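> this one's structure only:
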């Protein structure tokens, strides 16, 4: 049954009152977006400050190689994550085979693994002195590296492998949500019209899920492009390495900012291009009736193949690294003082990540709802602009936080000195608040995307009804929307929390004195090649991420409309909407 | 739901204000604040000794990049007192970025030889490290001296390993080559070394010794202290044991050395304590910790070396001024890109 959205018969005065409230919301939304956009704006500001010219040198020397490596890396990781993520999502959603219930959530586990940790672990396993090559030498009687060929983990291929293993969960998460949402009728029609199982997948299901998958790949690409630690460790010469070269070796932060912006623009162009290619192909659910999914029962060879497809990413992206880290933790003594430090680090990590998650959700909610109240193009662009921090290398974005914060602090200080003769010093710079702000801004793309999508699925009829009952915007948000999009809000919180736990470069540069997190602990030990002491903090990062990730997965499983277990309010699904979550454009 | 949100917001607000309050204690009578590019485990024993002796607490922020920019932006309200870093390039850069100030201290001047400190007092070298050559014990004749120039000799084709050509230690060495031979010769040399590489530059200096122990290559460049660090680590000991240490250019200008050093931050709020810390770091006690625990060469004459360093013997040091090395850094960086050393 459909109710046409008839406007409530409100008196003109009421309308005006509501309109002015909406305007206040719009203004507030714009203000919040502006604050969140500060770091990006600061990076742009930095890029246009006069500095030594670097482009000619770079373009005539290393830039072509950097660009090619970056393109290959992004393409490889994009392809890898797409294949693994989509295949696994399709299998666990549409088929029944041994262990499928377990795979549903376990496939998300690598999300909790920091890429740099996985890089350390695999280098340790696969390098010359590692167990694998040692075994091979023993078996074949080789005595040195010159006697045989073994693929080098510190290479472009190694980097693609590591990124694929830790990033495919983004694609899996989004693809799975999209498959869950799909109407079985469409798939059944396809089968009735004579398409086989594969044909249905490629001709119907995949195109329907394409927007979601693309958003997943975009997130993956942005994560790949903003990484420095892993590519540097693997000695892969990417564009991001170029950014840090210019900064570190030429002392040219402005040049680094210019390069970072070029990368950002390329990412935006790619997103535009994909959208343009998709123009006109809009898919809407033709019916609101969902029947329970009838999963295809896989047997024998097919079941074995399905299990393999699901087990491999979990094994390689999670189980193996965790086992290696466990071995280090258990079989190496920890020096005196290690444990007291560890607990402090763990506490600090939880604190900054928890608060970053709360803020990212609140701001994401605010921006998304403000955009819903006032459907203006300018506001939407401003909101999405604020989310671009995700595609900028962390250390560069940290500069973008330092600049406005220090300017603010010094302005306040100067004013106070002039008027009252007292110095307020630095209020925000070098505080934990600066780290939390930086994390919030960096991962706003994740929370805004998830929540915007959630809101998008709340039918406007609800809105109109609540409005006609005299509820203002705030009341509607708290009483109508918030309960309905609980799932999206939690998704946003989990993603931001887990990513913040892993984050390193911003925390490193912005932190106050004597402030260590688990990630900086891992970095400190690992940079001294003491991976055995880096292992425990690394495991703690993973452990802190695992619980929320499992929770998230359980929620997604329950989210399918029409499935028996769904409570009424869970009907608004919990996952980022493909159409809305793209951080740019 | 509304309650939850409101309560949540309150908690968040409170904790953030508590956090902000908790850390704004930068200026205190008995503290000194350090921005450090040097890793915590290297400098912690020194700070502990300093606190024990003076009662002054040392607060540290360690980062691997960006501290100079942070200092610049924080301006006159910056809490930083002391900047600790390695490499003449970075010391020079901090001075050029105008985040340091001059120090006049008789103690510093007495402890640190003139060529290891800035004539204007903006930076002071604390330790030196030599850019040495590791040579495979079983594949390279130990009686034969090797000079930096020899690394471009085709006889080493496929036998050399180094870390990234853009690492500050490599840049420092290349800058010294430019100073001695001119840019054109130095570029030819760098291209020659690149042609001799056994593999794409990767890892740190220790990984090059590791590669020699695995038979990947026969010759590598490294900073001197890594030799000691490897011998101290049971897993890395075999790497060090696979190589002979060679001090290059002993028959000529001497081996290239670089420094780690310290500067006083321009707006140091605890200036007095900061100078105390700087003086302490140049003292016999601290210099000995540097030497014994980090295997760096003390700048203060007469401080006993670690046994291991004594065993390696005296060597002739290239007396090219560090200021000249710093001058050629940018040229060196561009040269590495032109040659495509890291590709």
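Okay, I see it. Here the structure is a predicted model, which is why all the values come from computation and not from measurement.
> Name the nearest residue to residue B:139, sequence neighbours excluded.
Leaving out its chain neighbours, the residue that sits closest to residue B:139 by C-beta to C-beta, 6 or more residues apart in numbering or on different chains is residue B:218, at 4.8 Å. In this view, the C-beta of every residue, glycine as well, is placed from N, C-alpha and C.
> and what of residue A:223?
residue A:167 is the one closest to residue A:223 (C-beta to C-beta, 6+ apart), at 5.7 Å.
> Next, count neighbours for the one you found.
29 (other C-beta atoms under 10 Å in any protein chain shown).
> who in the stretch 101-250 of chain B is up against chain A?
Selection of the stretch 101-250 of chain B residues close to chain A by C-beta under 8 Å from any C-beta of the partner chain yields B:164, B:166, B:168, B:171, B:199-204, B:206, B:210-211, B:214-216, B:233, B:236.
> Just the buried ones among the residues you listed, please.
Neighbour-count burial (16 or more other C-beta atoms under 10 Å in any protein chain shown) is assigned, among those, to B:164, B:166, B:168, B:171, B:199-204, B:206, B:210-211, B:214-216, B:236.
> Identify those among those that sit within helices.
Under the assignment DSSP state H, these contribute B:168, B:171, B:206, B:210, B:211 to helices.
> just the residues you listed now: which is nearest residue A:242?
Of all those, residue B:171 has the smallest distance to residue A:242: 15.9 Å, by C-beta to C-beta.
> ok so, going back, give me the neighbour count for the residue nearest to residue B:139.
21.
> go on, residue B:301?
For residue B:301, using other C-beta under 10 Å, the count is 9.
> Look up how far residue B:298 lies from the closest residue to it other than its chain neighbours.
Closest residue in space to residue B:301, ignoring its immediate chain neighbours: residue B:113 at 6.9 Å, by C-beta to C-beta, 6+ apart. Distance, residue B:113 to residue B:298, using C-beta to C-beta, to the nearest Å: 11 Å.
> Then residue B:92?
Distance, residue B:92 to residue B:298, by C-beta to C-beta: 22 Å.
> more crowded one of those two?
residue B:298 (25 against 21).
> Can you report how many residues lie near the closest residue to the more buried one other than its chain neighbours?
Nearest non-adjacent residue to residue B:298, counting by C-beta to C-beta, 6+ apart: residue B:287, 3.8 Å away. Per other C-beta under 10 Å, the neighbour tally for residue B:287 reads 26.
> Which secondary structure state does residue B:287 sit in?
helix (DSSP: H, G, I helix; E, B strand; the rest coil).
> Residue B:341 now?
Residue B:341 ends up coil, using three-state DSSP.
> Equivalent analysis for residue B:221, please.
Residue B:221 is classified as strand under three-state DSSP.
> where does whichever residue of the stretch 151-300 of chain A sits closest to chain B fall, phi/psi-wise?
Nearest residue of the stretch 151-300 of chain A to chain B: residue A:235, at 3.6 Å (C-beta to the nearest C-beta). When quoted as degrees, to the nearest 10, the phi and psi of residue A:235 stand at phi 60, psi 40.
> check contacts around it.
A:154, A:155, B:164, B:200, B:201, B:202, B:203, B:342 (C-beta atoms under 8 Å, 6 or more residues apart in numbering or on different chains).
> Export these to CSV and append columns for distance to residue A:135 and pLDDT.
CSV is the format used below for these (distance: C-beta to C-beta, whole Å; pLDDT from 0 to 100):
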residue, distance to residue A:135, pLDDT
A:154, 20, 86
A:155, 21, 90
B:164, 30, 92
B:200, 25, 90
B:201, 28, 92
B:202, 23, 89
B:203, 23, 88
B:342, 32, 90
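> Max pairwise distance over those residues: which two?
Among the contacts of residue A:235, the pair separated by the greatest distance (C-beta to C-beta) is A:155 and B:164, at 14.6 Å.
> burial count for the spatially closest residue to residue A:157 that is not a sequence neighbour?
Once flanking residues are discounted, residue A:157 sits nearest to residue A:151: 6.8 Å by C-beta to C-beta, 6+ apart. Residue A:151 is flanked by 9 other residues according to other C-beta under 10 Å.
> swap in residue A:385?
Neighbour count for residue A:385, taken as other C-beta under 10 Å: 17.
> Look at it and tell me its secondary structure.
Per three-state DSSP, residue A:385 ends up helix.
> tell me how far the helix or strand that contains the residue nearest to residue A:223 is from the chain's mean position?
When secondary structure is defined by DSSP states H and E, residue A:167 falls within helix A:156-181. Centroid displacement of helix A:156-181 relative to its chain, using C-alpha atoms, centre = their mean, to the nearest Å, is 11 Å.
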